[in-house]
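A.B. asks: just a sequence and a predicted model for now, questions to come.
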Amino acid sequence: MPTPPPGPRHPPSSRYSTMPHHEMEPPEALRNLVHCFWYHCLDFGEQPVVFEVPPDGYAEIIFYFGSACHLATPSGWQLLPSPFLMPLLQQPARLTTINRLEIIGIRCFPWTVFELLGLSPGDAPLNLAAHALAQLHGPLSQYLQAGQLTEALAQVAQYGVQAQAQMPKPGWLVQAGRAMRAVTGTLPVRQVAAAAHVTVRTLERHFKHAAGYTVKDVSSLMRFEQVRNCLLLQPTTNIAALAYTLGYTDQSHLSREFKRYSGVTPAVFARKSLAKGPTIGPEVSAFPEP
C-alpha cells in the first residue's frame, strides 16, 4: 500500500475504509475463468497523485468509484471509464487520480477473459462502458455507499455465472492454463501442450488467439509475479535460490526479466520492500504528480 501524501482526508463513505483490501473466491462455475473478485480503497488526499500498477499474470476488469482516474498513454492522459479492461501488462501502468478511489476488480486468467466478455483480443477495447457489464456500475455504487461490500462482490460474481452459462464447455485451453497455474509458469511449452493433449503448434496458435499473448509471455509474467510477491513478503530471500526454484537459467536471467517488467532490479525492489515492511493487497506505488 502506498503512503498517501500529506493533506486533509475526506470522511469515509463506507465502513470498509478501514479494510482497504478484500478478496472473494469465485463460485465453482467460474474457477476456470476467474482467479478472484476483489475490492480496494485508496485515499490519496487533495493533491493529484500518479500511481503505478505492476504487471502480473492476470487481466483485470475494473469498476471504480470516486474521483476520475486517467491512464498514461503515448498520446497523453486518457480518462478511464467504469468499467474498463486492464489487459495483461508488459510494464507498470501509470494512472493518476485525486482524493478517494474505491475499486472492484475481476481478476481473470488472460486466456479466458476475452471469452468471458464475448470479445476477441484484437477487438477488445479498453473502454467497456458500452458493454453489458457496465449496467452493474450503478448498483455496485449503491452497495458501496451502503457499506454492503459482500453484496457488491456477489453481484459481480452472479453476472459472471450468467455469462459463463452462455459459453462453450471448458476445453483443452483451460487444461493448459490449469497446468501453467499449478506450477506458476515454470512448465516448458511442450509440457503445457502435453498436459492439454495437443501439439505445441496447436497450443501456441490457439493460446495466442485467446489471450493475445504466447504461452511463454504469460508464463514469464506468472514467474515474475511469484518473485515479486516473495520479495514483498520476504525481502531477504536469496535471489539466486529463488531463480533456481522458479526455473530461471540463473540469477542474471531472473534479474533481467524482473527489471523488464518492473523497471528496477530485484535487489532494489527488495530494499524498498524491506523499508516498507510486508505488503498486503495489491502493490501500488504512489508519488506526487510531476
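C.D. replies: Ah, there it is.
A.B. asks: got the residue ranges for the strands in this protein?
C.D. replies: For the chain, the strands defined by DSSP state E occupy 21-24, 34-43, 49-53, 59-66, 70-73, 76-79, 84-86, 93-97, 100-108, 285-288.
A.B. asks: can I get those in TSV with mean neighbour count?
C.D. replies: The C-beta positions use only the backbone N, C-alpha and C, and glycine is treated the same way. TSV is the format used below for these (neighbours: other CB atoms under 10 Å):
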stretch	mean neighbour count
strand 21-24	16
strand 34-43	21
strand 49-53	19
strand 59-66	23
strand 70-73	15
strand 76-79	12
strand 84-86	21
strand 93-97	19
strand 100-108	23
strand 285-288	14
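A.B. asks: could I get the ones you listed as CSV with distance to residue 203?
C.D. replies: Shown next, in CSV, are the strands of the chain (distance: least, CB to CB, whole Å):
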stretch, distance to residue 203
strand 21-24, 30
strand 34-43, 21
strand 49-53, 29
strand 59-66, 19
strand 70-73, 32
strand 76-79, 34
strand 84-86, 24
strand 93-97, 28
strand 100-108, 20
strand 285-288, 35
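A.B. asks: quick one, which of the ones you listed is nearest to residue 166?
C.D. replies: Of all these, strand 34-43 sits nearest to residue 166, with 15.3 Å by CB to CB.
A.B. asks: okay, angle between the closest one and strand 100-108 too, please.
C.D. replies: Interaxial angle of strand 34-43 relative to strand 100-108 (axes from the mean of the first three to the mean of the last three CA atoms, to 10 degrees): 170 degrees.
A.B. asks: which helices and strands does strand 34-43 pack with?
C.D. replies: Judged by 3 or more CB pairs under 8 Å, 6 or more residues apart in numbering; DSSP states H and E, strand 34-43 is in contact with strand 21-24, strand 100-108, helix 149-165.
A.B. asks: the shortest one pairs with which strands?
C.D. replies: When pairing is defined by DSSP bridges, strand 21-24 lines up against strand 34-43 (antiparallel).
A.B. asks: quick check: mean pLDDT across the partner strand?
C.D. replies: The average pLDDT within strand 34-43 is 93.
A.B. asks: least confident of the strands of the chain, on average?
C.D. replies: strand 285-288 (a mean of 53).
A.B. asks: is residue 226 in contact with residue 247, as I believe?
C.D. replies: No. Assessed by CB atoms under 8 Å, residue 226 is found out of contact with residue 247, at 10.2 Å.
A.B. asks: what ranges of the stretch 101-250 of the chain fall below the confidence cut-off?
C.D. replies: Along the stretch 101-250 of the chain, the model assigns pLDDT under 70 to residues 123-125.
A.B. asks: figure out which of the helices and strands packed on strand 34-43 is closest to residue 237.
C.D. replies: strand 21-24 (22.5 Å).
A.B. asks: and that closest one, how far from the chain's centre?
C.D. replies: Relative to its chain's centre, strand 21-24 lies at 13 Å (CA atoms, centre = their mean, to the nearest Å).
A.B. asks: pull out the CA atoms of stretch 111-126 and give them to me as CSV.
C.D. replies: C-alpha atoms of stretch 111-126 as CSV (Å, rounded to 0.1, in the frame of the first residue of the first chain):
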residue,chain,number,x,y,z
TRP,A,111,-6.7,-17.0,-21.8
THR,A,112,-10.3,-16.7,-20.7
VAL,A,113,-11.1,-13.0,-20.1
PHE,A,114,-12.0,-12.2,-23.7
GLU,A,115,-14.2,-15.2,-24.0
LEU,A,116,-15.9,-14.2,-20.7
LEU,A,117,-16.5,-10.7,-22.2
GLY,A,118,-17.6,-12.1,-25.6
LEU,A,119,-14.8,-10.4,-27.3
SER,A,120,-11.6,-11.3,-29.1
PRO,A,121,-8.2,-9.8,-28.1
GLY,A,122,-7.9,-7.8,-31.4
ASP,A,123,-11.4,-6.3,-30.9
ALA,A,124,-11.4,-5.8,-27.2
PRO,A,125,-11.4,-2.1,-26.2
LEU,A,126,-10.0,-0.7,-23.0
